[in-house]
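A.B. asks: the following block contains a protein sequence and its predicted model.
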Amino acid sequence: MSALQADEILVTGTVRQTGIEGGCWFLEGGDGTRYELRPKQAPDSLLVDGARAVVVVKKRIDLMSTCQVGQIVDVVRVDSLKVGS
């Protein structure tokens, strides 16, 4: 794993999809914090409901969303991904 930049956050959590607005995605961290993932920005391999992941993200305070399921972020990199049992 590479060192984090000052504006990056390391999140360990579970990827979830909601039925809101046709399917919104978020990463729920172990502390319950939710980070909204945008399908056009996040890698397809990450967008699997129930996947466990370690992801480095950057907050996007300049964007708004109809989903409103968490802080909007850009995925910088996926350090670990476990899909299925």
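C.D. replies: The structure has been received and is ready for your questions.
A.B. asks: middle-most residue in this structure, spatially?
C.D. replies: The centre of the chain sits closest to Leu27, judged by C-alpha atoms, centre = their mean, with a distance of 3.9 Å.
A.B. asks: is that one in a bridge, and if so with what?
C.D. replies: Beta-bridge partners for Leu27, by DSSP bridges, are Val15, Tyr35.
A.B. asks: go ahead and confirm it touches Arg34.
C.D. replies: Yes. Counting by C-beta atoms under 8 Å, Leu27 does reach Arg34; the two are 7.3 Å apart. To be clear about C-beta, it is placed using only N, CA and C from the backbone, and glycine gets the same treatment.
A.B. asks: mutual contacts of the two, please.
C.D. replies: Here Leu27 and Arg34 share the contacting residues Gly70, scored by C-beta atoms under 8 Å, 6 or more residues apart in numbering.
A.B. asks: identify the residues contacting the residue nearest to the centre of the chain.
C.D. replies: By C-beta under 8 Å, 6+ apart, the contact set of Leu27 is 11, 13-16, 34-35, 37, 53, 55, 57, 70, 73.
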